[in-house]
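K.L.:
everything below, folded, please.
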Amino acid sequence: MQRSLSGFNLFGPGSRLTIFRHLIRKMTSTAVFGGGCFWGVEEKFRTLKGVKETEVGYAGGDAINPTYEQVCRDNTGHAEVVKVKYDPKEISYQQLLDVFFKSHDPTTLNRQGPDVGRQYRSVIFYADEEQEKLAHHTKNALIEKGIKAVTDIVPSSKFYPAEDYHQKYIAKRKGIL
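P.N.:
Residues are numbered from 1 along each chain as shown. Have a look, this model is predicted:
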């Protein structure tokens, strides 16, 4: 049964809520970054003005629907990543790249701090040609400054959301960690 208010369909395919959600999706862009354990990387992006949503997960591997345990064994090829949905009118992709490169050590191959393995690699999954150009430009600027960035820059691949307990992990534990 469709509900209505003053003749407006509230819940069906043509409802205002459905149209609003569609418009929000159209107004946002998506970026995917891997820079070590996804908990800390997510927190860096989650709190930025213009970031509308973050989700941690896995990308860049061969296994279908990998689990955290499989990825941690470092045999699926996936990286721990953060998918960032953002409003490009409020924050640019370049600004996200700047935060990404400042939020981890892009010079260490397949590790961040004590976390070692290919799943912790520094990687950018670009969605289009513009993101690819900006990512390469930013990485090359670091290299020109003498920073030996080893960050992979690769086309977007299938993103698999991580288990629920990983989502907003640090935000849920403020004051504990």
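K.L.:
what distance do you get for the residue nearest to Thr28 when sequence neighbours are not counted to Val32?
P.N.:
Spatial nearest neighbour of Thr28, excluding adjacent residues (C-beta to C-beta, 6 or more residues apart in numbering): Lys85 at 4.7 Å. The way it works is simple: take the backbone N, C-alpha and C, and place the C-beta from them, glycine included. Note on Lys85: its distance to Val32, by C-beta to C-beta, to the nearest Å, is 10 Å.
K.L.:
could you do Gly146 as well?
P.N.:
27 Å.
K.L.:
equivalent analysis for Ile91, please.
P.N.:
Distance, Ile91 to Val32, by C-beta to C-beta: 15 Å.
K.L.:
out of the two, which sits in the busier spot?
P.N.:
Under the neighbour definition other C-beta atoms under 10 Å, Ile91 and Val32 were set side by side, and Val32 has more, 23 against 20.
K.L.:
what's the helix or strand for the residue lying closest to the more buried one once chain neighbours are set aside?
P.N.:
In space, and not counting its chain neighbours, Val32 is closest to Phe125: 4.0 Å by C-beta to C-beta, 6+ apart. Per DSSP states H and E, Phe125 falls inside strand 122-126.
K.L.:
that strand packs against which elements?
P.N.:
The contact analysis (3 or more C-beta pairs under 8 Å, 6 or more residues apart in numbering; DSSP states H and E) places strand 122-126 against strand 29-35, strand 79-86, helix 129-144, strand 152-155.
K.L.:
strands paired with it, and their directions?
P.N.:
Strand 122-126 has its sheet partners listed here by DSSP bridges as strand 29-35 (antiparallel), strand 152-155 (parallel).
K.L.:
alpha carbons of it, in CSV - could you do that?
P.N.:
Output in CSV follows, covering the C-alpha atoms of strand 122-126 (Å, rounded to 0.1, in the frame of the first residue of the first chain):
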residue,chain,number,x,y,z
SER,A,122,49.9,2.1,-0.5
VAL,A,123,47.5,2.2,-3.4
ILE,A,124,45.1,4.5,-5.2
PHE,A,125,42.2,3.0,-7.2
TYR,A,126,41.2,5.6,-9.7
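K.L.:
who touches that strand?
P.N.:
With C-beta atoms under 8 Å, 6 or more residues apart in numbering as the contact definition, strand 122-126 has outside contacts at 32-36, 59-60, 79, 81, 97, 100, 104-106, 108, 112, 131-132, 135, 149-157, 159.
K.L.:
just the buried residues from those residues, in PyMOL please.
P.N.:
Provided next is the PyMOL selection string for whichever of the contacts of strand 122-126 are buried by 16 or more other C-beta atoms under 10 Å:
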select buried, resi 32+33+34+35+36+59+60+79+81+97+100+104+106+108+112+131+132+135+149+151+153+154+156+157+159
